[in-house]
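>>> After the sequence you'll find the predicted model.
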Amino acid sequence: MKQTLDQLNAYAKRYGFIYQGSEIYGGLANTWDYGPLGVALKNNIKKLWWEEFVSKNPLNVGIDSSILLNPKTWEATGHATGFKDPLMDCKLCKSRHRADSLIATATHGEVDADGWDYSQMYDYIIEHKIKCPVCGGLDYTPIRDFNMMFKTHQGVTADSVNDIYLRPETAQGIFLNFKNVQRTSRKKVPFGIGQIGKSFRNEITPGNFIFRTREFEQMEMEFFCKPGTELEWFVYWKQFAMDFLLKAGLKRDHLKFYDHPKEKLSFYSNATTDIVFDFPWGFDELWGIASRTDYDLGRHQEHSGEKLEYLDPDTNESYLPYVIEPALGVERLLLSVLCDNLEEEELEGGETRTLLRISKALAPIKVTVLPLVKKYQSEKAEEVYKQLLEDFEVSYDDTGNIGRRYRRADAIGTPYCVTIDQQTLEDETVTVRERDTMEQIRLPLGELNVYLFKALK
Ligand code: ATP
C-alpha cells in the first residue's frame with residue numbers, strides 16, 4: 001500500500017534518515033538534515049548516478065565546478081531577469097503563493113497555467129474563486145515577478161558591485177568549462193560532462209517534505225552533440241534515464257514520460273520531457289530532460305567574447321554543439337526510492353514487519369553483525385565485525401532480542417544479517433540471513449567475505 005508523506009517523514013526521522021533542520025532552535029522551515037542512514041543512502045544514490053553517467057560510461061566525463069560563478073553568467077543565460085515565478089500575496093493572511101500552483105492545485109492538475117501571462121492567471125483565479133489555501137479568503141495582490149536566485153555579497157562591502165548569486169542549477173558551471181574539459185580530456189563530440197552538486201532556489205512554495213526545498217543537490221549532465229543529431233540523442237538519454245530509475249529500484253508503473261507539448265516548450269528547446277513519478281500526492285516531476293540546442297554555449301560565447309565552437313577534427317567543420325540535458329534532484333530520487341521500497345509486509349501467523357526492500361547497491365548498510373547472546377558471544381562478534389569492515393558498510397548490533405534486531409535490520413533495508421552463536425565458538429561457522437526471503441544458511445567464517453561480496457554484487 002502507498003505510504004503517506006507523513007508516514008514517510010515519521011519513518012525517516014525514527015530510523016535516522018532525515019531530521020528537521022535546526023530542530024533545537026524550533027527548526028528552519030523546509031530545511032532537512034540527513035542522519036547516518038540518510039547520508040549513506042544519499043551517497044549511494046550519487047555513487048550509482050556517477051557510475052552510470054560518468055565513471056563507467058565511455059561517452060562522458062565529470063566535473064566539479066564552483067557554486068559561485070561570475071555574475072555575468074546569469075546575465076548571459078537570462079537567469080538574472082528571467083528565472084522567476086509568478087508571486088501573489090493573500091491580503092488577508094499575508095501568505096504567499098505561486099499563482100500557477102494555485103491554479104494547478106485547485107484543478108487537480110487539469111489546468112496548466114505555465115506560460116500564461118499574469119493577467120490571464122489572475123483573472124482565472126478570481127473568476128473560478130480559487131481561495132487562499134491558508135485562510136480561505138479571496139483577496140489577492142496583483143501577480144508580480146519573483147526572482148528565485150539567492151543573492152549575497154562577495155567580499156567585505158555589501159554594495160551592488162559585489163552582488164553575487166548562489167547557483168540555481170549546476171548546469172552553467174559545465175557550460176563555462178566546455179572548452180577546458182574538451183581540450184584537456186581530448187574528448188570528441190559527441191560526449192557529455194556530468195556534475196553532482198548543490199543548487200539553491202528561493203522557492204515561493206517549498207514543501208512536500210524533501211520534494212521542493214531551497215537548498216538541494218542536482219545530478220546533471222550536458223551532452224554535446226552535432227547539430228542535427230540532437231533528437232536521436234534526446235531519445236537515447238530519455239531511455240537511459242528510465243533504465244537508470246529501474247536500476248535504482250523504482251517501479252515501472254509508477255513512472256511516466258510527460259512530453260512537453262510543442263507550444264509549451266521554452267523558446268530555446270526543441271524537445272523536453274519530464275519523467276514523472278507517482279509521489280504520495282500523485283504524479284509529479286522527478287527528472288527533467290531537455291534538448292537545449294546551442295542556446296547556452298551561444299549565449300556564453302556572445303557575452304564572454306570567447307570562441308566556444310568545436311572544431312571537428314574529422315571534417316574540419318567548426319560549430320557550436322547542440323546539447324541534451326538530463327537534470328535530476330538527489331533528494332527527489334531519494335524520496336521516490338523510499339516511496340517505492342518501504343512496505344509493511346504481512347508474515348505468516350498474522351505478524352507484520354516493516355521492510356525497506358531497497359536495492360543492494362543503495363542499501364545504506366550492507367551487513368549487520370549480531371551476537372545471539374551478548375554476554376557469551378560479543379567478543380567473537382566484534383572480531384567478525386572487524387573482518388567485514390574491511391570490505392563492506394557494516395554495522396554491529398547487540399541490543400535487544402534477536403528477533404527485534406532482525407526487524408530493525410529489515411526496516412532499514414540491510415540485505416544481510418550475520419549471527420554469531422554458541423556454535424560459532426565451537427566450529428567457526430556463522431548464520432547468514434537474507435532480508436527479503438528471511439532464509440538462513442550456515443557458512444564457515446573464512447568464506448564469509450567472499451560469499452557476501454558475490455551476494456551483494
Ligand atoms: P519544478 O517544476 O518541480 O520546479 P523545474 O522544472 O524547475 O522543477 P529543473 O530546473 O528542470 O526543475 O531542475 C531539474 C531537477 O532538479 C528537477 O527535475 C528536480 O529533480 C530537481 N529540483 C529542481 N528544483 C528543486 C527543488 N526546489 N527542490 C528539490 N529538487 C529540485
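Thanks, I have the structure now.
>>> Within range of the ligand, give me the residues from the stretch 201-350 of the chain.
201, 203, 212-213, 216, 218, 285-288, 327-329, 331-332 (C-beta under 6 Å from any ligand atom). (C-beta placed from N, C-alpha, C; glycine too.)
>>> Pick the one among those residues closest to residue 90.
Residue 90 has its nearest neighbour among those in residue 203, at 17.6 Å by C-beta to C-beta.
>>> burial count for that closest one?
16 (other C-beta atoms under 10 Å).
>>> Need the three-state assignment for it.
What DSSP: H, G, I helix; E, B strand; the rest coil gives for residue 203 is coil.
>>> Contacts only, for it.
85, 148, 212, 213, 214 (C-beta atoms under 8 Å, 6 or more residues apart in numbering).
>>> if I look at the closest residue to residue 188 other than its chain neighbours, how far off is residue 409?
Once flanking residues are discounted, residue 188 sits nearest to residue 313: 6.9 Å by C-beta to C-beta, 6 or more residues apart in numbering. Distance, residue 313 to residue 409, by C-beta to C-beta, to the nearest Å: 55 Å.
>>> higher neighbour count, the two?
Between residue 313 and residue 409, counting by other C-beta under 10 Å, residue 409 is the more crowded of the two (22 against 9).
>>> hang on, the more buried one packs against residue 396?
No - Residue 409 lies out of contact with residue 396 (C-beta atoms under 8 Å); the separation is 11.5 Å.
>>> list the residues that contact both of the two?
Contacts common to residue 409 and residue 396, judged by C-beta under 8 Å, 6+ apart, are residue 368.
>>> which residues touch the residue of the stretch 151-300 of the chain found nearest the ligand?
In the stretch 151-300 of the chain, the residue that lies nearest the ligand is residue 288 (3.1 Å; C-beta to the nearest ligand atom). Applying C-beta under 8 Å, 6+ apart to residue 288 gives the contacts 272, 273, 274, 325, 326, 327, 328.
>>> Next, check the residues you listed against the strands and list the overlap.
272, 273, 274, 325, 326, 327, 328 (DSSP state E).
>>> Name the nearest residue to the fifth one, ignoring sequence neighbours.
If the residues on either side of it in the chain are set aside, residue 326 comes closest to residue 289, at 4.7 Å by C-beta to C-beta, 6+ apart.
>>> so who does the one you found touch?
Taking C-beta under 8 Å, 6+ apart, one finds 234, 237, 238, 241, 272, 273, 274, 275, 324, 325, 326, 327 in contact with residue 289.
>>> Which of the helices or strands spans the third one?
Using DSSP states H and E, residue 238 maps to helix 230-247.
>>> can you map out the strands along the stretch 301-450 of the chain?
310-311, 318-319, 322-329, 342-346, 352-356, 367-371, 394-396, 416-420, 429-434, 440-444 (DSSP state E, counting those that start in this stretch).
>>> among those, which is nearest residue 126?
Across the strands of the stretch 301-450 of the chain, closest to residue 126 is strand 322-329 (C-beta to C-beta), at 33.7 Å.
>>> closest point of the stretch 301-450 of the chain to the ligand, which residue?
Closest point on the stretch 301-450 of the chain to the ligand, by C-beta to the nearest ligand atom, is residue 329, at 2.8 Å.
>>> Let me know how buried that residue is, in neighbour terms.
23.
>>> dump the residue contacts of it.
Contacts of residue 329 (C-beta under 8 Å, 6+ apart): 216, 217, 218, 219, 286.
>>> For residue 39, see how far away the residue of the stretch 151-300 of the chain closest to the ligand is.
25 Å.
>>> Same question for residue 263.
43 Å.
>>> With residue 415 instead?
Counting by C-beta to C-beta - residue 415 and residue 39 are separated by 19 Å.
>>> more neighbours, the two?
residue 415 (22 against 15).
>>> Now name the helix or strand holding residue 103.
Counting by DSSP H and E, residue 103 is found in helix 99-106.
>>> Check which residues of that helix are buried.
By neighbour count with 16 or more other C-beta atoms under 10 Å, helix 99-106 contains the buried residues 99, 100, 101, 102, 103, 104, 106.
>>> same thing with stretch 407-424?
Here stretch 407-424 shows 407-421, 424 as buried, counting by 16+ other C-beta under 10 Å.
>>> what's the distance between it and the middle of its chain?
29 Å (C-alpha atoms, centre = their mean, to the nearest Å).
>>> Quick one: mean pLDDT for it?
Across stretch 407-424, the average pLDDT comes to 97.
>>> What's the end-to-end length of that stretch?
From its first residue to its last, stretch 407-424 covers 22 Å (C-alpha to C-alpha, to the nearest Å).
>>> which residues does residue 195 bridge with?
Here residue 195 sits in beta bridges with residue 220, as judged by DSSP bridges.
>>> now it: how far from residue 73?
From residue 195 over to residue 73 (counting by C-beta to C-beta), the distance is 15 Å.
>>> next one: residue 421
From residue 421 to residue 73 the distance is 62 Å (C-beta to C-beta).
>>> With residue 110 instead?
Taking C-beta to C-beta, one finds residue 110 at 38 Å from residue 73.
>>> Which of the two has more residues huddled nearby?
Neighbours were counted for residue 110 and for residue 73 using other C-beta under 10 Å; residue 73 has more, 22 against 8.
>>> Read off the pLDDT value for that one.
For residue 73, pLDDT reads 97.
>>> wait, it sits on residue 300?
Yes - in this structure residue 73 lies within contact range of residue 300 using C-beta under 8 Å: 7.5 Å.
>>> Spell out which residues are contacts of both of these two.
Counting by C-beta under 8 Å, 6+ apart, the residues touching both residue 73 and residue 300 are residue 176.
>>> From residue 397, how far out is residue 404?
Taking C-beta to C-beta, one finds residue 404 at 9 Å from residue 397.
>>> With neighbour numbers in mind, choose between those two.
residue 397 (20 against 11).
>>> Quick check: closest non-adjacent residue to that one.
Nearest residue to residue 397 in three dimensions, chain neighbours excluded: residue 405, at 5.1 Å (C-beta to C-beta, 6+ apart).
>>> Give the burial count for the one you found, as a bare number.
Quick note: residue 405 (other C-beta under 10 Å) scores 19 neighbours.
>>> Just to check, it is in contact with residue 396?
No - applying C-beta under 8 Å, one finds residue 405 not in contact with residue 396, separated by 10.5 Å.
>>> what is in contact with these two at once?
residue 368.
>>> show me the contacts for residue 456.
Counting by C-beta under 8 Å, 6+ apart, residue 456 has contacts 360, 366, 392, 415, 416.
>>> can you redo those as TSV with distance to residue 377?
Output for the contacts of residue 456, formatted as TSV (distance: C-beta to C-beta, whole Å):
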residue	distance to residue 377
360	27
366	21
392	20
415	22
416	18
